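[1] I'll drop the sequence and a predicted model, then ask my questions.
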Amino acid sequence: MKTLNLHCDYIKFKALKKALKTVDEIAPNQNLEGEATECLVVLTAIEKGDNEQAVENMVESIKDIANQVGAKNIVLYPYAHLSSNLASPKLAVKLMNEIASKLSDFKLTRAPFGYYKSFELKVKGHPLSELSREFQIVGNEEKEEDLSDEERKALLRQISKATLDTSKLKDNDHRIIGRKMDLWSFNNVAPGMVFWHEKGLHIKHKLIDSWREIHKIAGYHETSTPQIMDRKLWEVSGHWKLYHEHMFTSMYEKREFAVKPMNCPGAMLIYKNSPKSYKDLPLRLSEIGVVHRKELSGTLAGLFRVIQMTQDDAHIFCTKKQLHEEVLKVINLFTGLLGQFGFEDYRFTISTRSKKKSDKYLGDNTLWNSAEKTLAKGLDELKLKYTNEPGEAKFYGPSLDLQIKDSLGREWQCSTLQLDFALPERFGIKYTDENGNEMTPILLHRVVYGSLERFIGIITEHLNGKFPMWISPNQVMVINTNDDSKDYAKKIKEDLFNSGFRVEINDKNESVGKKVREASIQRFNYIATVGGGEKEKNTIAVKKRDEKDIQTMSLEDFKNMLKEEIDSKKL
RNA sequence: GCCGCAGUAGCUCAGUUGAUAGAGCACUACAUUGGUAAUGUAGAGGUCACGGGUUUGAUCCCCGUCUGUGGCUCCA
């Protein structure tokens, strides 16, 4: 609530025209004209969130000022222009009436609400004749002291890590492996959001490294866009209307911001930042984007369905002629990337319009027909099997999706390629063609991993935690047989570490058998054991994961072998 | 969000027909100095998810909440 208090010789006002069509219903029987002399004119704007407490505070302030300047007459004057965050007219009228009722000690004149008014006044001009006031509701902020120890402990008890009912899960369930291998965790304070531990984050980063390399070669330009953006942007993109119940929002200096649930609008703004010609197309803007979506709580599931996810997103702007070529390139990215992990049991689907509800789709029929054909043609040319999913298309365009199964046989969508006929129009995305005509490009949204979270869940189960060397967080475990070989083991470990390998040492006083068992449970790719013999000959005894053979070799040979395995991305 | 199930030590679990809890593993110490999936002994570790109710007394019974989980719906 904001007020501007003016101590005046006189004021005259007259309503000219309704500012609100419904003003007669909201505020009936208002005086449309009036005047007062020797008065305190209180220009008032009621704001969102105002309540009885704000009214109370404001009335106190008016009384104070009136007493100080010696005014017996008060003019309550609705003045919306004081605020850009107005309450609804209904609430404003209600609170105005409450204010009026609490000013019975004074002779009160009220200017009408909801009208454009002409007014004339003469301010006295003394130091207290113009005073502005603001009344904010500060919640129940009783004390500023920190919590007591007891209060803090009580809250701490409520912040517990997430429990997991493992009774129905398979042994290779990513939730079990993730905990055993110390890859990530969850906590009650952040449902559907991952706490990445060092080892899990290593996997994520390796996947992104590889993705960057592939995309650079494929002609993508990597970008990064803000995490929260003004509501206006989401109104333009259409997300506010269709998706806002899934979006987290936050206020900043009276502006409403939304945490991005998708990366597209940011990409649109980068495109629009400068004029584009056909020579700029196809333009491929990629982004490792962290998005948040309010999902239904019952749908959350480990890494497979989360609230905060990291998308390996990209937006491709191209001409109609370039579409076919771009579709082929994207599909090749999909298969190339999945090939790295030895997936066989995955399937493509094409989501098309349902025949019945043709009116719910944006864009004309010929565009849709050719787009649907282009997707199918792409898969046909690459000899990939797929099924059609009629009615599964988004309202803005058809899509080509890739489904992979988890340990419980459920299918999850990972890669997806979506054609979009709507967003370029909404954002006024243009390019100039060869003839100087202004054209709208076709937009492709695509992700390859989908979400890094889901993808890591999928490969963890698919590989049963046995990650290939190039992404493995547990590459080499060095084991000593006795105290005499401890220093030598440390030396080996340091050497491997300095050569860039992920290596750990277990020099505890335990049996070799036990240390091997522990390293095996942690899915170390290699176990390097050293004892008196190795120390003497300057060698190591190497055992590969899941193999029984033990090979004695020099450290140099071992390192070369590891390098080769990493570079080849061998499974 | 809806329906069902679950939450006891870091992990896997036992337990109390209501009197504030145990084991194995992991951890720490000591002994042991070993050769490829578990060496021995000892110690430490818990407001029994959180909040309320019933009761002389609640980890246990009742209600609510949170989180997880399977399914539905939805999605990357």
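    Yep, that arrived. In this text the structure is predicted, and so the values were computed from the model without any measurement. Numbers count the residues shown, from 1 in each chain, chains lettered A, B, ... in the order given.

[2] going forward, measure contacts and count neighbours with C-alpha atoms only.
    Will do.

[3] who's in contact with the residue nearest to residue A:282 when sequence neighbours are not counted?
    In space, and not counting its chain neighbours, residue A:282 is closest to residue A:318: 4.4 Å by C-alpha to C-alpha, 6 or more residues apart in numbering. By C-alpha atoms under 8 Å, 6 or more residues apart in numbering, the residues touching residue A:318 are A:281-283, A:441-443.

[4] try it again with 6 Å
    Residue A:318 is in contact with A:281-282, A:441-442, counting by C-alpha atoms under 6 Å, 6 or more residues apart in numbering.

[5] Next: residue A:436.
    So residue A:436 contacts nothing (C-alpha under 6 Å, 6+ apart).

[6] so what pLDDT did it get?
    Per-residue confidence for residue A:436 comes out at a pLDDT of 96.

[7] Please enumerate residues in contact with the helix or strand of chain A with the lowest mean pLDDT?
    In chain A, the helix or strand scored least confidently by mean pLDDT, DSSP states H and E is helix A:23-26, which has a mean of 76. With C-alpha under 6 Å, 6+ apart as the test, helix A:23-26 has contacts from residue A:114.

[8] continuing past that helix, what's the next helix or strand?
    Later in the chain than helix A:23-26, the nearest helix or strand by DSSP states H and E is strand A:33-45.

[9] so what strands line up beside that following strand?
    strand A:2-18 (antiparallel), strand A:73-78 (parallel) (DSSP bridges).

[10] Tell me which of those lies nearest to RNA strand B.
    strand A:2-18 (35.8 Å; C-alpha to the nearest atom of the strand).

[11] what about stretch A:103-112, distance to the chain center?
    Averaging C-alpha positions (C-alpha atoms, centre = their mean, to the nearest Å) puts stretch A:103-112 51 Å from its chain's average.

[12] cool, and stretch A:398-416?
    Counting by C-alpha atoms, centre = their mean, stretch A:398-416 comes out at 21 Å from the chain centroid.

[13] same deal with stretch A:110-117?
    Counting by C-alpha atoms, centre = their mean, stretch A:110-117 is centred 44 Å from the centre of its parent chain.

[14] same question, stretch A:437-445
    26 Å.

[15] give me the number of residues near residue A:519?
    Using other C-alpha atoms under 10 Å, residue A:519 is surrounded by 22 other residues.

[16] Sort out which residues of the strand or helix carrying it are buried, please.
    Using DSSP H and E, residue A:519 maps to helix A:512-521. Going by neighbour count (16 or more other C-alpha atoms under 10 Å), the buried part of helix A:512-521 is A:512, A:515-516, A:519-520.

[17] could you redo the contacts of residue A:318 as TSV and give each row secondary structure?
    As requested, the contacts of residue A:318 are exported to TSV (DSSP: H, G, I helix; E, B strand; the rest coil):
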residue	secondary structure
A:281	coil
A:282	coil
A:441	coil
A:442	strand
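
[18] Just the closest of these to residue A:155, please.
    Of all the contacts of residue A:318, residue A:155 sits closest to residue A:442, with 51.9 Å by C-alpha to C-alpha.

[19] And chain A, what are its domain boundaries?
    By the record's domain assignment, chain A is partitioned as A:2-134, A:174-225+A:260-462, A:476-567 (automatic domain parsing).

[20] which one of the ones you listed lies closest to residue A:162?
    Smallest distance to residue A:162 across these (C-alpha to C-alpha): 4.9 Å, for domain A:174-225+A:260-462.

[21] picking that back up, in PyMOL, how would I select just the buried ones from the contacts of residue A:318?
    Remark: buried members of the contacts of residue A:318, expressed as a PyMOL selection using 16+ other C-alpha under 10 Å:
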select buried, chain A and resi 282+441+442
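
[22] Format the contacts of residue A:318 as a markdown table; extra columns: pLDDT and distance to RNA strand B.
    As requested, the contacts of residue A:318 are exported to a markdown table (pLDDT from 0 to 100; distance: C-alpha to the nearest atom of the strand, whole Å):
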| residue | pLDDT | distance to RNA strand B |
| --- | --- | --- |
| A:281 | 96 | 25 |
| A:282 | 97 | 22 |
| A:441 | 96 | 21 |
| A:442 | 94 | 18 |
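
[23] Residue A:197 - nearest residue in space that isn't next to it in sequence?
    residue A:184 (4.7 Å).

[24] go on, residue A:504?
    Distances taken as C-alpha to C-alpha, 6+ apart put residue A:477 closest to residue A:504, at 5.0 Å, once the chain neighbours are dropped.

[25] Surely that neighbour is within a strand?
    Yes - using three-state DSSP, the assignment for residue A:477 is a strand.

[26] quick one, what contacts it?
    A:503-505, A:527.

[27] Can you tell me how far it is from RNA strand B?
    As judged by C-alpha to the nearest atom of the strand, to the nearest Å, residue A:477 and RNA strand B stand 10 Å apart.

[28] All good on my end, thank you.
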